[in-house]
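>>> how would this look folded up:
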Amino acid sequence: MTVGSFRLPLRKCENPDPSIYCPANGYVNPLEEGYWDEDCFVFEIETTTEDESVTLPIGSGYTYNFKVGWGDGNINEITAYDDGDITHVYEEPGEYIIIIKGTCQQFACNNSAAIRTKILRILNWGEVDFRDLDFYGCTNLSSIPSGAITGVTNLSNFYNSFRGCISLPYITPNMFDNAVNVEDNGFRFTFFQCSGLKGSIPTDLFRYNTKVSIGAFWSTFFQCSGLTSIPTDLFRYNTEVSTSGFSSTFNDCSGLTSIPTDLFRYNTKVSGDAFFLTFRNCTSLTSIPTDLFKYNTLVSTRGFYSTFVNCSGLTSIPADLFKYNTEVSTYGFYYTFQGCSGLTSIPVDLFRYNTLVSTYGFGGTFSGCTSLTSIPTDLFRYNTLVSTYGFYGTFGGCSGLTSIPTDLFRYNTLVSTYGFGGTFSECTSLTSIPTDLFRYNTEVSESGFNGTFQQCTGLTSIPTDLFRYNTKVSTYGFYSTFLGCSALTSVPIDLFRYNTAVSGANGFHSTFYNCSKLQLNKWIFYASGEESTRFKDVAISFYRCFYRTSFDGTQGEAPELWNCDFGSETPTKTECYAGAGNSLTSLSNYGDIPIDWK
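Just a heads-up that it's a prediction; the model follows:
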């Protein structure tokens, strides 16, 4: 039936194939049969209750001059975003095909429009001059037309266009061919959370989108867990992509099994946060191509921040993976391989050419790499600018690590503040610490050794001069440093004697908490005769410093902190020697300890 200047469908379509219509007499093409004109935007919805209203998702700032056929015989003409006729009431529940003919520059569900959950299929894109198009949150959208999207010549981006379309099973080849003016953040979040997508991405998907730049592919395929492969030339023609261009692009693509060697070959302008979280949680990845980042020489700042986090299927790292990324700095390799539990080794020269890495440079880089058993001696030999949080949590949770090279941090003399906070926490297979491990890190301060060896349950001893040269350590300096080291049997004399700058509410807070085998000696903090000067006028905490719930070691002697002169300050002594593990059995001078230290 023809109404106005366009035709309404004669009956609802039952067939899931978007290219055909299905009247009772068989399958025919709707355009050939004239059910609607080729320039119409056509989509199908479903209502579930009587007198259910449906509102077109259009808003201010755009031009509207179109007629809409609601699929139930009613037609309205719309010329403004606030036209009352953009809302229609369906008397009966069912499936309806809505046809829009004319100019409709915005159709944006934006995860808020009520119509989003009612949209089932897009049957024809038409020529309505889209300037803003998104089906964000259309969880029931299961079909789109094959071929290129039409009417998008003037569209500048596909931001959120299909975000959250969890029922969409495919990406049509060449779907963006007509969107030649897409620019800047053009494909940001385009297919985010499209978990129903399967297989590979069409090779020429972005072939004609040559203007995209800056964050062009930020989170484009985030959480597309059904994708298994990426075409080599996917980004071949997007040569203007820059800065954070590939941040989170394939984040959470847990089905992805491989990465093409030349995937980023032509994207030479990416810089800054270029590969921030790019392959995070790609748990099915088993390898990384050697030259993956060879041509991305401008990558800097957070360039490889969390790039391969939780890629648990990776077993090795190519030696020259970062050879050409000489501009990487600040957060350069922050958490890059965190949680790569299948990783068994690290190449000696992995960071050989990344000499500008600084501040947070290697924070958490290999944390949670539980299969890692050793660390190359010269791994950080050339990273002499690393500072502040430089090695914060770097190997935390590497439960398979059995040893630490003596000169691992020999050349990182600028490390300071949180420098070694949690560096080896929960490395449960470690049995010893090299004597000169921190010998050259004299700038370490504040929370420098906060939790450094926390929960290293296999550690049996501590070298005598481990912290001898770290005289600037302060505030949280030794907070929880050896907490939970249940196999530790002794503490060397003078361990903290030279760390006189340690102070504050957490200086020695929980330092040896629950070290159940530890044989204490009274000269950990000072030498005989220094009781009156060691902590003079220093506000410092010993809260639960030696607290333990049980004891099964050799009896020792508690440091007589209660006999020290704290001058004008009062130390925090609460539960310093508390817990069932502290008694005359474990400490020969337990009876001398004042109650306020217990």
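>>> so where's the chain uncertain?
Flagging of the chain using pLDDT under 70 yields the residue ranges 1-35.
>>> what about the helices in it?
Using DSSP state H, the helices of the chain run over residues 30-33.
>>> ranges for the strands of it?
For the chain, strands defined by DSSP state E occupy the ranges 2-3, 6-7, 41-47, 52-55, 64-69, 75-78, 87-90, 94-104, 106-108, 119-124, 132-134, 199-200, 227-229.
>>> highest average neighbour count across these?
A comparison of these by mean neighbour count, using mean count of other Cβ atoms under 10 Å, puts strand 132-134 on top with a mean of 24. (C-beta placed from N, C-alpha, C; glycine too.)
>>> adjacent strands (with direction) for it?
Sheet partners assigned to strand 132-134 using DSSP bridges are listed as strand 106-108 (parallel).
>>> how far off centre is the partner strand?
31 Å (Cα atoms, centre = their mean, to the nearest Å).
>>> can you redo the strands of the chain as JSON lines with distance to residue 296?
Shown next, in JSON lines, are those (distance: least, Cβ to Cβ, whole Å):
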{"stretch": "strand 2-3", "distance to residue 296": "56"}
{"stretch": "strand 6-7", "distance to residue 296": "50"}
{"stretch": "strand 41-47", "distance to residue 296": "39"}
{"stretch": "strand 52-55", "distance to residue 296": "45"}
{"stretch": "strand 64-69", "distance to residue 296": "43"}
{"stretch": "strand 75-78", "distance to residue 296": "47"}
{"stretch": "strand 87-90", "distance to residue 296": "49"}
{"stretch": "strand 94-104", "distance to residue 296": "40"}
{"stretch": "strand 106-108", "distance to residue 296": "34"}
{"stretch": "strand 119-124", "distance to residue 296": "36"}
{"stretch": "strand 132-134", "distance to residue 296": "30"}
{"stretch": "strand 199-200", "distance to residue 296": "23"}
{"stretch": "strand 227-229", "distance to residue 296": "21"}
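>>> between the ones you listed, which one is nearest to residue 325?
strand 227-229 (25.0 Å; Cβ to Cβ).
>>> returning to what we had before: so which of the strands of the chain gets nearest residue 191?
strand 227-229 (9.0 Å).
>>> can you give me the end-to-end distance of stretch 133-143?
Distance across stretch 133-143, first residue to last, is 16 Å (Cα to Cα, to the nearest Å).
>>> also stretch 104-113?
16 Å.
>>> which residues touch it?
41, 55-59, 61-64, 66, 78, 81, 115-116, 119, 128-138, 160, 163-164 (Cβ atoms under 8 Å, 6 or more residues apart in numbering).
>>> what's the PyMOL line that selects buried ones from the residues you listed?
Selection of buried members from those for PyMOL, criterion 16 or more other Cβ atoms under 10 Å:
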select buried, resi 41+56+57+58+62+64+66+78+81+115+116+119+128+129+130+131+132+133+134+135+136+137+138+160+163+164
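>>> shouldn't residue 241 be in contact with residue 217?
Yes. Applying Cβ atoms under 8 Å as the test, residue 241 and residue 217 come out as touching, 6.8 Å apart.
>>> mutual contacts of those two, please.
Common neighbours of residue 241 and residue 217 (Cβ under 8 Å, 6+ apart) are residue 235.
>>> for the two, indicate the residue with more neighbours.
residue 217 (28 against 25; other Cβ atoms under 10 Å).
>>> wait, which of the strands of the chain is closest to residue 189?
strand 132-134 (9.3 Å).
>>> how many neighbours does the closest residue to residue 347 other than its chain neighbours have?
Of all residues not flanking residue 347 in the chain, residue 319 sits nearest, at 3.8 Å (Cβ to Cβ, 6 or more residues apart in numbering). Residue 319 has 14 neighbouring residues, counting by other Cβ under 10 Å.
>>> re the thing from before, out of the strands of the chain, which is closest to residue 385?
Minimum separation from residue 385 across these (Cβ to Cβ) falls at strand 227-229, 38.1 Å.
>>> any idea how far the closest residue to residue 373 other than its chain neighbours lies from residue 286?
Using Cβ to Cβ, 6+ apart and skipping the chain neighbours, the partner closest in space to residue 373 is residue 400 (5.1 Å). Separation of residue 400 from residue 286 (Cβ to Cβ, to the nearest Å): 19 Å.
>>> more neighbours: which of the two?
residue 400 (17 against 12).
>>> that one against residue 368, yeah?
No. The criterion here is Cβ under 8 Å, and residue 400 misses it with residue 368 at 11.0 Å.
>>> start and end of stretch 341-359, how far apart?
Per Cα to Cα, stretch 341-359 runs 26 Å from first to last residue.
>>> I meant to write stretch 530-546 there.
End-to-end distance (Cα to Cα), stretch 530-546: 21 Å.
>>> what comes up buried for it?
531, 534-535, 538, 540-546.
>>> hmm, which two among those are most spread apart?
Longest span within the buried residues of stretch 530-546, Cβ to Cβ: 531 and 544, 22.1 Å.
>>> show me the domain layout of this structure.
Per the record, the chain has its domains at 1-155, 181-357, 376-393+404-598, by automatic domain parsing.
>>> select, out of those domains, the one closest to residue 171.
Taking those one by one with Cβ to Cβ, domain 181-357 is closest: 5.9 Å.
>>> shouldn't residue 508 be in contact with residue 540?
Yes. Using Cβ under 8 Å, residue 508 is in contact with residue 540, at 6.9 Å.
>>> next, show the common contact partners of these two.
Shared contacts of residue 508 and residue 540 (Cβ under 8 Å, 6+ apart): residue 502.
>>> redo the buried residues of stretch 530-546 as a markdown table? Include distance to residue 388.
Converted to a markdown table, these look like this (distance: Cβ to Cβ, whole Å):
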| residue | distance to residue 388 |
| --- | --- |
| 531 | 35 |
| 534 | 28 |
| 535 | 28 |
| 538 | 25 |
| 540 | 23 |
| 541 | 23 |
| 542 | 27 |
| 543 | 26 |
| 544 | 28 |
| 545 | 26 |
| 546 | 30 |
